[in-house]
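Student: Coordinates for the following, if possible.
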Amino acid sequence: MKRPIILIVDDVEDNRLVLKKSFPKGEYDFIEAIDGMDGYKKALMYSPSLVIMDLMMPVTDGFEAINLIRSNTGITQMPILVLTALDNTEDKIRALSSGATDFITKPFNLTDLRARVHSLTHYHLSLIQKEGELREINTHLEHKIQEKTAELKRQYLTDSLTLLPNRNKLMQDIETDDSINGVLLVDIDAFSDIANFYPREVSDELLIQVGHRIATVCRQNRSCLDVYRLSGDIFAVTLHHDHALSLAEVVISNIHSAPFQLFDDYEINVFVTIGAATGTENLPSKAELALREAKNRKIDFQIYSANNLIGKQNHENIRWIKKILDAIENDRIVAYFQPIVNIATGKKEKYECLIRLIDSEGTVHSPYYFMDIAKKSK
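Tutor: Residues are numbered from 1 along each chain as shown. Okay, here's the model as predicted:
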């Protein structure tokens with residue numbers, strides 16, 4: 001076992017020798033310093049278990065040396081035993097206030113000296129041991145935190161069933177990868193019927209195999225970047241070339257060409273519909289509009305265009321939502337009242353109330369144009 005190191009700081013060589021001979025041979029290793037500055041430097045160099053410090057020394061005295069040691073964070077917990085002929089209470093208080101751990105007055109009692117040195121060195125060793133244990137615990141905890149953080153990040157960005165990247169990863173990639181300029185959304189036709197008819201594990205396995213087949217196509221196509229499972233039965237493919245149509249045709253052909261074999265007991269033919277968008281802005285939402293239009297038209301593939309029926313409808317809806325919000329904010333939702341007249345008697349029997357929206361240009365619109373959109377928006 002490594003012996004404790006004691007640093008003796010005293011300008012008188014005989015005093016240093018007396019101190020070394022006060023302890024049984026082999027119990028401690030000793031380092032000597034001839035003044036306070038020399039003691040501070042050797043404290044930094046050797047990190048002793050204890051410093052025995054004389055106070056009255058030339059050049060740099062013990063008080064300044066204690067201050068220097070306590071100001072250095074690397075050795076601030078090192079115990080310092082002040083050994084001095086001073087019997088002045090103020091000097092003892094000053095030494096303790098500077099950071100001395102304990103003091104003993106010369107001429108010292110040998111038993112008292114040994115007991116204090118033994119206590120302080122073992123205290124320091126136990127403190128170092130505890131610090132080492134704490135460092136190990138902290139290192140272990142940091143490692144576990146890193147592992148857990150990586151796992152949570154993986155879960156946040158990965159679909160738990162297919163192990164493909166998920167919607168979060170898709171949105172992250174679109175935001176950070178400038179090479180992405182196209183997105184395909186692949187939707188399994190009538191998947192809800194499959195899920196209702198077959199056991200859960202069968203429909204889950206089907207999703208896994210469909211994702212795997214799309215990923216296989218992607219790996220073989222240079223224009224494809226990655227495959228994602230977004231939700232339910234919808235997958236996404238990112239592109240870095242404007243080859244949406246050709247890639248969609250390959251995906252459709254591959255999935256339609258052969259049934260999926262599931263657990264040796266089930267064989268299911270799968271058909272898909274694909275919506276695509278190219279460019280750099282709002283790719284997922286545009287691809288979703290294209291997918292919706294493809295389903296409405298009952299075709300396999302549709303690429304987004306602002307001239308598409310759903311694209312036009314979407315732009316029109318947005319335009320009307322802005323009109324509605326502007327009318328509400330500027331108090332231009334107006335009630336019109338008109339009488340209902342009995343033709344036989346010519347008398348006004350009751351009134352009906354009609355609501356109208358007046359836009360910023362003063363045009364009056366009936367509920368036919370804005371009521372359905374108002375109900376669907378917030």
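Student: which strands and helices sit next to the longest helix seen in the chain?
Tutor: What stands out as the longest helix in the chain, according to DSSP state H, is helix 110-157. Helix 110-157 sits against strand 50-53, strand 80-84, strand 102-105, helix 167-176, with contacts defined as 3 or more C-beta pairs under 8 Å, 6 or more residues apart in numbering; DSSP states H and E. Placement of C-beta: from N, CA and C, glycine included.
Student: can we see that at 10 Å?
Tutor: Counting contacts by 3 or more C-beta pairs under 10 Å, 6 or more residues apart in numbering; DSSP states H and E, helix 110-157 packs against strand 5-9, strand 50-53, strand 80-84, strand 102-105, helix 167-176.
Student: Deepest in the core, which of the ones you listed is it.
Tutor: Highest mean neighbour count among the helices and strands packed on helix 110-157 (mean count of other C-beta atoms under 10 Å): strand 50-53, with a mean of 28.
Student: coming back round to it: please give the centre-to-centre distance between the longest helix of the chain and its chain.
Tutor: Chain-centre distance of helix 110-157: 27 Å, with C-alpha atoms, centre = their mean, to the nearest Å.
Student: ok so, going back, tabulate the helices and strands packed on helix 110-157 (JSON lines), appending distance to I31.
Tutor: JSON lines is the format used below for these (distance: least, C-beta to C-beta, whole Å):
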{"stretch": "strand 5-9", "distance to I31": "5"}
{"stretch": "strand 50-53", "distance to I31": "10"}
{"stretch": "strand 80-84", "distance to I31": "14"}
{"stretch": "strand 102-105", "distance to I31": "19"}
{"stretch": "helix 167-176", "distance to I31": "57"}
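Student: Can you lay out the ones you listed as a markdown table showing mean pLDDT?
Tutor: Output for the helices and strands packed on helix 110-157, formatted as a markdown table (pLDDT from 0 to 100):
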| stretch | mean pLDDT |
| --- | --- |
| strand 5-9 | 94 |
| strand 50-53 | 93 |
| strand 80-84 | 86 |
| strand 102-105 | 85 |
| helix 167-176 | 94 |
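Student: out of these, nearest to H143?
Tutor: Ranking the helices and strands packed on helix 110-157 by proximity to H143 (C-beta to C-beta) places helix 167-176 first, at 25.2 Å.
Student: Show the pLDDT at R94.
Tutor: Note on R94: pLDDT of 84.
Student: what's near enough to touch it?
Tutor: 55, 63, 66, 86, 88, 100 (C-beta atoms under 10 Å, 6 or more residues apart in numbering).
Student: State the pair within the residues you listed that is farthest apart.
Tutor: I66 and N88 (16.2 Å).
Student: From the chain's centroid, how far away is stretch 214-234?
Tutor: With C-alpha atoms, centre = their mean, you get 26 Å for stretch 214-234.
Student: rewinding a little: wait, which of the helices and strands packed on helix 110-157 is closest to T216?
Tutor: The nearest among these, by C-beta to C-beta, is helix 167-176 at 19.1 Å.
Student: Check the contacts of R94 for burial and list the buried ones.
Tutor: Among the contacts of R94, those classed as buried by 16 or more other C-beta atoms under 10 Å are 55, 63, 66, 86, 100.
Student: does the first one sit in a helix or strand, and which one?
Tutor: Secondary structure from DSSP states H and E places L55 outside every helix and strand.
Student: With adjacent residues omitted, what lies nearest to it?
Tutor: Nearest non-adjacent residue to L55, counting by C-beta to C-beta, 6 or more residues apart in numbering: G62, 3.7 Å away.
Student: what sits against that neighbour?
Tutor: Neighbours of G62 in contact, by C-beta under 10 Å, 6+ apart: 9-11, 35-36, 39, 51, 53-56, 80, 82-84, 86, 91, 95, 98, 100.
Student: Which pLDDT value does the model give it?
Tutor: At G62, pLDDT is 91.
Student: which sections of the stretch 251-378 of the chain are below the confidence cut-off?
Tutor: 306-313, 378 (pLDDT under 70).
Student: rerun that using 90 as the cut-off
Tutor: The stretch 251-378 of the chain contains residues with pLDDT under 90 at 263-266, 279-282, 293, 296-297, 304-321, 336-354, 366-378.
Student: so where do the helices sit in it?
Tutor: Using DSSP state H, counting those that start in this stretch, the helices of the stretch 251-378 of the chain run over 283-297, 309-329, 367-376.
Student: Point out the most buried one among the ones you listed.
Tutor: Buried most deeply of the helices of the stretch 251-378 of the chain, by mean count of other C-beta under 10 Å, is helix 283-297, with a mean of 20.
Student: which other helices and strands contact that helix?
Tutor: helix 167-176, strand 182-188, strand 224-231, strand 234-239, strand 272-278, strand 301-303, helix 309-329.
Student: Taking helix 309-329 as reference, get the angle to it.
Tutor: Helix 283-297 and helix 309-329 are oriented at 120 degrees to each other (axes from the mean of the first three to the mean of the last three C-alpha atoms, to 10 degrees).
Student: May I have helix 283-297 exported as CSV, CA atoms only?
Tutor: Extracted C-alpha coordinates of helix 283-297, given in CSV (Å, rounded to 0.1, in the frame of the first residue of the first chain):
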residue,chain,number,x,y,z
LEU,A,283,-43.2,18.6,-49.3
PRO,A,284,-45.1,16.3,-46.8
SER,A,285,-48.3,18.3,-46.9
LYS,A,286,-48.2,18.7,-50.7
ALA,A,287,-47.6,15.0,-51.1
GLU,A,288,-50.6,14.3,-48.8
LEU,A,289,-52.8,16.5,-51.0
ALA,A,290,-51.6,14.6,-54.0
LEU,A,291,-52.3,11.2,-52.3
ARG,A,292,-55.8,12.4,-51.4
GLU,A,293,-56.5,13.4,-55.0
ALA,A,294,-55.1,10.0,-56.3
LYS,A,295,-57.5,8.2,-54.0
ASN,A,296,-60.4,10.4,-55.0
ARG,A,297,-59.6,9.7,-58.7
